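Enquirer: Pasting the sequence and the predicted coordinates here, then a few questions.
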Amino acid sequence: MCVSGKVVLAQMLCDACSRGYNWAGVPLTRERFITAQSKRMCLKERIDIIVPECILALNAEKRARLEKTHRFEQTDRAPVLAEVQLWGMLNGRRSRFSEMNQNPRDHLRGLILNYKWRCENIRDDSPIDTRSITVEQNFGALRGVEFPMQVVFSGDDQPKTAHLLHSPEEIDALTVPHPVSGYNRLRIEWYRAMSAMVDDFDVRLNGEPLELKVTINHRGGPIPSAFALCGSNLFLWMKTDPERVHHLMDLVTESYAQCIAYIDELKGTNPSHALWLGADTGEMMNAAMFKEFVVPYYVRLYSKFPYPRIYHMCGKIDHILDILRDDLDITFLDGFGFPTDRCLLAEKLSGCVVLRGGPHPLLIYEGPRDRIIEECSDYIRTVGCKGGYILCDGTGIMPGTPPEHIDAMVAASKQVGWIAEN
């Protein structure tokens with residue numbers, strides 16, 4: 001029997017035994033029921049996460065530091081949150097993406113092991129939950145996948161979408177898809193399957209059981225979706241056929257809103273929550289085009305949700321900082337990139353927008369430690385001059401980065417301490 005068949009059979013046996021019947025539907029005696037339940041417990045895979053108690057004892061301090069930073073209140077130092085993404089965690093535990101994308105169970109297991117590696121190796125200011133673990137399905141930065149685009153997997157490389165539209169006229173035939181369409185259908189099916197498998201794992205922190213939870217989100221935003229559909233032709237069509245591009249932006253904005261609403265309902269989430277939006281690729285437009293083709297559609301989405309307005313853009317955004325502040329009225333720039341001028345960023349946004357970002361990931365990867373401390377200290381003194389700054393790489397820790405180099409980021413924060421102006 002193949003591995004997937006064994007997993008299905010095991011799940012059938014577990015489900016039946018948990019109801020007091022064997023796999024054929026025959027009622028079990030009390031003694032056999034107890035035995036079956038014991039065997040079912042043995043089918044669980046135990047995953048132990050080991051973290052020194054002195055690290056867990058810092059949780060309350062870390063949470064307070066982050067909460068005060070978001071309120072622009074004085075803290076002992078700038079918090080440090082390393083952007084350790086999927087590929088970095090896989091590299092850290094010597095695993096491959098292809099090993100966790102074969103089926104929902106392997107994916108869930110891989111996510112748990114990624115979380116375990118981060119907890120055991122990264123010593124930043126991210127609190128470690130001592131009661132539960134929540135993992136989110138992760139196939140990389142796929143955007144707009146509710147549309148009928150082909151997703152191309154290349155072994156252990158990040159999957160990519162094949163552009164659907166090759167001429168502006170094709171926009172005319174495009175319609176807003178149902179949220180459970182395209183590759184999104186598989187994402188949602190896997191979310192449901194993974195949610196049903198949480199009892200297959202016995203996850204423990206220092207010997208104490210953790211509740212395992214699965215979540216799903218719809219990342220990105222209208223511009224990343226439009227770019228996924230059109231590729232670089234999007235910028236050409238903005239110039240040659242702006243009306244059709246505006247129609248496209250209407251479609252992707254409406255589709256994005258529908259996906260958020262569907263996933264909120266799927267998870268049982270209160271729809272009155274803050275909205276995280278990304279606009280990567282938008283930095284390649286000049287300020288005028290950004291105001292025309294991005295701002296109206298992002299304001300439309302933000303207006304449906306309460307503050308804070310959380311925004312991500314990790315390219316060079318010097319030319320649109322005023323627009324982010326005045327037109328989009330963002331309150332949290334969650335992940336600015338190293339290409340952005342830190343002095344200009346401080347001038348335009350410090351004190352009114354919470355900022356998370358920092359030095360070049362290659363520096364954090366290569367070191368040396370003294371150079372990391374020097375550069376991180378400069379970011380804290382510059383971008384954090386008015387508080388509200390979270391030190392991060394800018395943005396995305398490179399696979400293979402020594403955890404000791406993230407320790408150096410924390411050391412920089414401790415050396416600088418609280419420097420915000422009154």
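Expert: That came through fine.

Enquirer: can you pull the contacts of Lys414?
Expert: Arg77 (Cβ atoms under 8 Å, 6 or more residues apart in numbering). No exception for glycine: its C-beta is placed from N, CA and C like everyone else's.

Enquirer: And Gly337, by the same measure?
Expert: 313-317, 357, 394-395.

Enquirer: For the buried ones among those, write the corresponding ChimeraX selection.
Expert: The ChimeraX command for the buried members of the contacts of Gly337 (criterion: 16 or more other Cβ atoms under 10 Å) is given here:
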select :313,314,315,317,357,394,395
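
Enquirer: of the contacts of Gly337, closest to Met249?
Expert: Using Cβ to Cβ, Met313 comes nearest to Met249 of those, at 17.0 Å.

Enquirer: roughly how far apart are the closest one and Tyr115?
Expert: Look at Met313 and Tyr115: by Cβ to Cβ, to the nearest Å, they are 27 Å apart.

Enquirer: name the element Gly335 belongs to?
Expert: strand 332-336 (DSSP states H and E).

Enquirer: Would you mark the buried spots in the helix or strand following that strand?
Expert: Remark: after strand 332-336, the chain's next helix or strand is helix 342-349, criterion DSSP H and E. Neighbour counts over helix 342-349 (16+ other Cβ under 10 Å) mark 342, 345-346, 348-349 as buried.

Enquirer: In contact with the closest residue to Thr331 other than its chain neighbours, which residues are there?
Expert: Excluding the flanking residues, the one nearest Thr331 by Cβ to Cβ, 6 or more residues apart in numbering is Pro308, at 4.1 Å. When contacts are counted by Cβ under 8 Å, 6+ apart, Pro308 touches 274, 331-332, 354.

Enquirer: In ChimeraX, how would I select just the buried ones from these?
Expert: In ChimeraX, this line selects whichever of those come out buried by 16+ other Cβ under 10 Å:
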select :331,332,354
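
Enquirer: how about TSV for the contacts of Pro308, with distance to Leu66 and pLDDT added?
Expert: Formatted as TSV, these follow (distance: Cβ to Cβ, whole Å; pLDDT from 0 to 100):
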residue	distance to Leu66	pLDDT
Ala274	15	96
Thr331	15	98
Phe332	12	98
Val354	10	98
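
Enquirer: could you dump the contacts of Pro308 to TSV with distance to Glu53?
Expert: What follows is the contacts of Pro308, written out as TSV (distance: Cβ to Cβ, whole Å):
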residue	distance to Glu53
Ala274	33
Thr331	36
Phe332	32
Val354	31
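
Enquirer: so Leu113 makes contact with Ile47?
Expert: Yes: between Leu113 and Ile47 there is a contact under Cβ atoms under 8 Å: 6.9 Å.

Enquirer: circling back: pick out whichever of the buried residues of helix 342-349 sits closest to Glu211.
Expert: Among the buried residues of helix 342-349, and counting by Cβ to Cβ, the member closest to Glu211 is Leu349, at 37.9 Å.

Enquirer: Tell me the confidence at that closest one?
Expert: pLDDT, Leu349: 98.

Enquirer: can you check Asn101 too?
Expert: 87.
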